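In: sequence and predicted structure are below.
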Amino acid sequence: MKIRLLPVGFLPVACALLMTGLVQGHAATARTVHAVASFTVLADVVRQVGGTHVAVTSLVPPDGDPHEFEPSPADAGKLQQADVIFLSGEGLETWFVRLSRAAGYHGTPVIVSNGVPLHEMVEDGHDVTDPHVWNSVPNVEIWTRNIRDALIRVDPQDAEAFRANADAYLVRLHDLDHYIRDRIATVPADRRRVLTGHDAFGYFGREYGVTLMAPQGLSTETEASAADVAALIRQIRTLGVSTYFMENAADPRLVQQVATATGARPGGTLYVEALSPPGGPAADYISMIHHDVDLMVQAMQAAH
Amino acid sequence: MGMSLHDLFITPFADFGFMRRALVASLALGLGAGPVGVLLQLRRMSLVGDAMSHAILPGAAIGFLLAGGMSMTAMGLGGIVAGLGVALLSGLVSRLTRLSEDASFASFYLTSLALGVLIVSAHGSNIDLLHVLFGTILAIDTPTLCLMGGVTTVTLCILSVVWRPLVMECVDPGFMRLVGGRGGACHMLFLFLVVLNLVSGFEALGTLMAVGMMMLPAASARLWTRRLWVMMTLAAAIAALSGLGGLLLSFHCRMASGPTIILTCSLFYIFSLVLAPMGLARRLFAPRMKRA
């Protein structure tokens, strides 16, 4: 009888031990938040703020154009498994509505550009909101705060870590902002002009006082008219821009055409709306801006 | 202060190299595609042009991948190979089985199109399908221009050398077979010309608009005359004029160039539809001739 009693007596104790073990285990390894970001630049900023507590996936791949994205069923699957979805907003990810409908996603994505002072641009006589907010560093500081708040809402347990990561990243962004201003300041004011493929540097240009010219409009989706191309060539002939840049995610043919007509030389590839794959020159947001600013400043200094 | 004629017609081309290249490209395209379009219509194959323009997509996509970018030469060569493959296979199948030519064309071009979309989407969004579908005539460089000029030259040479059997085969393939002509070879040669000219149009206007330059001027020309060589000359002239008109409209009115050129072709077509001897006006206002 003694032999049988022993395990029965142990049972409640064993249960209690097991349960405390489970509870403790849960508290010790806080869950990982699954976040989905629309494109690589945004995914990087989410990764910086989320740190080890967040696993981030980007829908548009590295070097991919976020204006024209053809989602696959795997992307719909990513949406369904996501705890939180981040979009830049302001007309960049026009494909997202279609994708979320297809995926049966009913949540509200976090629009990280909320609170960014937006610029309107006139395109074909219409006022269009320029979606490329991240090319000005102060806007990404707003992104960072929005992302921090959204992550805290999803995972309040890790709030402290998110706050610390965001603060550290904000310091780095602040340094980046200073770096850009210092570099641009080395170029005489009348030489601060750059030719690119499409109008994606509006915020950069206004923030840092650089004039950017492009044959294609804000979105890579629109087709240029002969009038637009001619106007640009005239403008460059009068102002004298000697270098042009290609973009990693856009059709290079038009900007090459403009370059031939004006005698501008190629200055390299700017990363505008997509990071490079890991190991490339623009694997994260801060290196992307460094890379672009260095190329532009080099070209503008060489201009005469 | 109005614009002088010089400002309207000469300045755009005198000041801008891209306008001159676009003009030469549309002239070359019109000279080759116009006559080929007329033959396609005589052969009652108007929609085959459309089918073929889709069939060249996987070739263009593979060319893009191999060249690692928007290389119009690689994409054009790929398109020629894919288009010829589809033409050859459909021709063979329609001659060897009971399937009609349009049925086998439909099967092969749909297969080819699906393959093209698959290749494009397997390699992410950075291959941008829209730029294959809508090329831009404003971005034509010298190699592309040479390719287009070459296509037109080859087309006009072949047309003039094998004119008689080609026309016979197009107008009455049954008779051609009866008199023991090499109808099959002629037909293949003709399909080769169709593919060449479509690829040339695809370089300038994209696959979606390439057929427009081929079919609309041909349809307009048919309403004016029954004489074949006049019809072809007229088709080539209408295509070339539409290129000029479309480019000028795009320049002065800020309209996207590709669709503007095709819509100019459409205006010629509507004009011919209403006023040409074989158009609507004649039918409406001279009903006695019809009854007699």
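Out: All right, it came through fine.

In: in three-state terms, label the nearest residue to B:P259 once chain neighbours are set aside for me.
Out: Among residues not flanking B:P259 along the chain, B:M209 sits closest, at 6.9 Å (Cβ to Cβ, 6 or more residues apart in numbering or on different chains). Yep, even glycine has a C-beta here, placed from its N, CA and C like the rest. Reduced to three states with DSSP: H, G, I helix; E, B strand; the rest coil, the structure at B:M209 is helix.

In: state the number of residues packed around B:M209.
Out: 22 (other Cβ atoms under 10 Å in any protein chain shown).

In: mind listing what the residue in the stretch 51-200 of chain B that chain A sits nearest to touches?
Out: Residue nearest to chain A within the stretch 51-200 of chain B: B:A139 (3.7 Å; Cβ to the nearest Cβ). Contacts for B:A139 (Cβ atoms under 8 Å, 6 or more residues apart in numbering or on different chains) come out as A:R253, A:L254, A:Q256, A:Q257, B:F18.

In: ok, so of these, who is nearest A:A200?
Out: Using Cβ to Cβ, A:L254 is the member of the contacts of B:A139 that lies nearest A:A200, at 13.9 Å.

In: before we move on, the earlier item: quick check, pLDDT for the closest residue to the residue of the stretch 51-200 of chain B closest to chain A other than its chain neighbours.
Out: With Cβ to Cβ, 6+ apart as the criterion, B:A139 has its nearest non-adjacent residue at 3.7 Å, and that residue is A:R253. A:R253 is assigned 75 on the pLDDT scale.

In: just the element for A:M246, please.
Out: For A:M246, the host element (DSSP states H and E) is strand A:243-247.

In: how near is A:T129 to chain B?
Out: 21 Å (Cβ to the nearest Cβ, to the nearest Å).

In: distance of that residue from A:G202?
Out: If you measure A:T129 against A:G202 using Cβ to Cβ, to the nearest Å, the figure is 10 Å.

In: for these two, indicate the residue with more neighbours.
Out: A:G202 (20 against 15).

In: wait, that one touches A:H132, no?
Out: Yes. Counting by Cβ atoms under 8 Å, A:G202 touches A:H132, with 6.3 Å between them.

In: which positions in the host helix or strand of B:G32 come out as buried?
Out: Here B:G32, judged by DSSP H and E, is contained in helix B:17-42. The neighbour-count check on helix B:17-42 (16 or more other Cβ atoms under 10 Å in any protein chain shown) flags B:18-19, B:21-42 as buried.

In: ok, and of those, which contact chain A?
Out: Among these, the residues lying close to chain A (Cβ under 8 Å from any Cβ of the partner chain) are B:F18, B:M19, B:A22.

In: the second one against A:A230, yeah?
Out: What that stands for is B:M19. Yes. Counting by Cβ under 8 Å, A:A230 is a contact partner of B:M19 at 7.3 Å.

In: any common contacting residues for the two?
Out: Residues touching both B:M19 and A:A230 (Cβ under 8 Å, 6+ apart): B:P12, B:F251.

In: quick revisit: quick check: of the contacts of B:A139, which lies closest to B:L189?
Out: Using Cβ to Cβ, A:R253 comes nearest to B:L189 of those, at 32.5 Å.

In: sketch out the low-pLDDT regions of chain B for me.
Out: For chain B, the stretches with pLDDT under 70 are B:1-2, B:69-70, B:123-135, B:176-183, B:286-292.

In: for the residue nearest the centre of it, what is the enclosing helix or strand?
Out: In chain B, the C-alpha nearest the mean C-alpha coordinate belongs to B:M214, at 3.3 Å (Cα atoms, centre = their mean). Applying DSSP H and E as the criterion places B:M214 in helix B:207-222.

In: against which helices or strands is that helix packed?
Out: Packing contacts for helix B:207-222, counted by 3 or more Cβ pairs under 8 Å, 6 or more residues apart in numbering or on different chains; DSSP states H and E, involve helix B:17-42, helix B:46-55, helix B:129-133, helix B:183-205, helix B:228-253, helix B:257-275.

In: can you get me a residue count around residue 231?
Out: Picking chain A for this. Neighbours of A:A231 using other Cβ under 10 Å come to 14.

In: let's do chain B instead
Out: Residues near B:M231, counting by other Cβ under 10 Å: 23.

In: who's the closest spatial neighbour of it, skipping the chain neighbours?
Out: Using Cβ to Cβ, 6+ apart and skipping the chain neighbours, the partner closest in space to B:M231 is B:A221 (4.7 Å).

In: what does B:A240 give?
Out: B:G30 (3.7 Å).

In: which residues touch the one you found?
Out: B:G30 neighbours (Cβ under 8 Å, 6+ apart): B:M213, B:P217, B:A236, B:A237, B:I238, B:A239, B:A240, B:L241, B:S242, B:G243.

In: burial measure for A:H178, as a count.
Out: Count around A:H178 with other Cβ under 10 Å applied: 11.

In: what's the distance between it and A:V137?
Out: Taken as Cβ to Cβ, the span from A:H178 to A:V137 is 9 Å.
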